[in-house]
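Engineer: need a structure here:
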Amino acid sequence: MNRIEGCEFIKRIYLLSLFLGSGIRVYELSNLRLRDLDFEEKQIHVLRKGGKKDVAAVFPPSMQDIKDYIDLRTERYRGSNDDTYHEKD
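Structural biologist: Below you'll find the predicted structure:
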């Protein structure tokens with residue numbers, strides 16, 4: 001496994017952790033942006049079916065996994081934690 005594949009694997013594991021630790025739907029997970037994550041309150045802001053906004057509690061270790069991944073990504077790629085590249089608008 002090369003370095004890129006390794007990072008992609010880690011990302012998928014951490015996203016799975018968030019998915020299982022929050023109970024959100026796959027569609028809701030796929031539409032998350034960094035600004036939707038509230039690390040202090042251990043919750044995420046999601047857009048539910050019908051366009052309703054909601055807050056989902058996240059199992060604390062799952063939230064820590066995502067924080068660790070963001071830190072790893074920033075360090076490894078010298079990027080920012082800005083999610084402008086993920087905008088779908």
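Engineer: all contacts plus neighbour counts: C-alpha atoms, from now on.
Structural biologist: Fine.
Engineer: Run through the strands of this protein in chain order.
Structural biologist: 37-38, 43-47, 53-57 (DSSP state E).
Engineer: Just the buried positions in stretch 9-22, please.
Structural biologist: Across stretch 9-22, burial judged by 16 or more other C-alpha atoms under 10 Å covers 11, 14, 15, 16, 17, 18, 19, 21, 22.
Engineer: so where's the chain uncertain?
Structural biologist: Counting by pLDDT under 70, the chain contains low-confidence ranges at 1-4, 79-89.
Engineer: quick one on the thing from earlier: so which of the strands of the chain is the most packed in?
Structural biologist: Comparing these by mean neighbour count (mean count of other C-alpha atoms under 10 Å), strand 43-47 ranks first with a mean of 20.
Engineer: which neighbours does that strand have in its sheet, and in what orientation?
Structural biologist: strand 37-38 (antiparallel), strand 53-57 (antiparallel) (DSSP bridges).
Engineer: can you list the residues that contact it?
Structural biologist: 28, 32, 36, 37, 38, 53, 54, 55, 56, 57, 58 (C-alpha atoms under 8 Å, 6 or more residues apart in numbering).
Engineer: Reformat those as a markdown table; add distance to residue 67.
Structural biologist: Below are these laid out as a markdown table (distance: C-alpha to C-alpha, whole Å):
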| residue | distance to residue 67 |
| --- | --- |
| 28 | 18 |
| 32 | 14 |
| 36 | 13 |
| 37 | 9 |
| 38 | 10 |
| 53 | 23 |
| 54 | 21 |
| 55 | 18 |
| 56 | 17 |
| 57 | 15 |
| 58 | 12 |
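Engineer: for the protein, longest helix please?
Structural biologist: Secondary structure of the chain per DSSP state H: the longest helix is helix 3-22.
Engineer: tell me what that one is packed against?
Structural biologist: Helices and strands touching helix 3-22, by 3 or more C-alpha pairs under 8 Å, 6 or more residues apart in numbering; DSSP states H and E, are helix 60-77.
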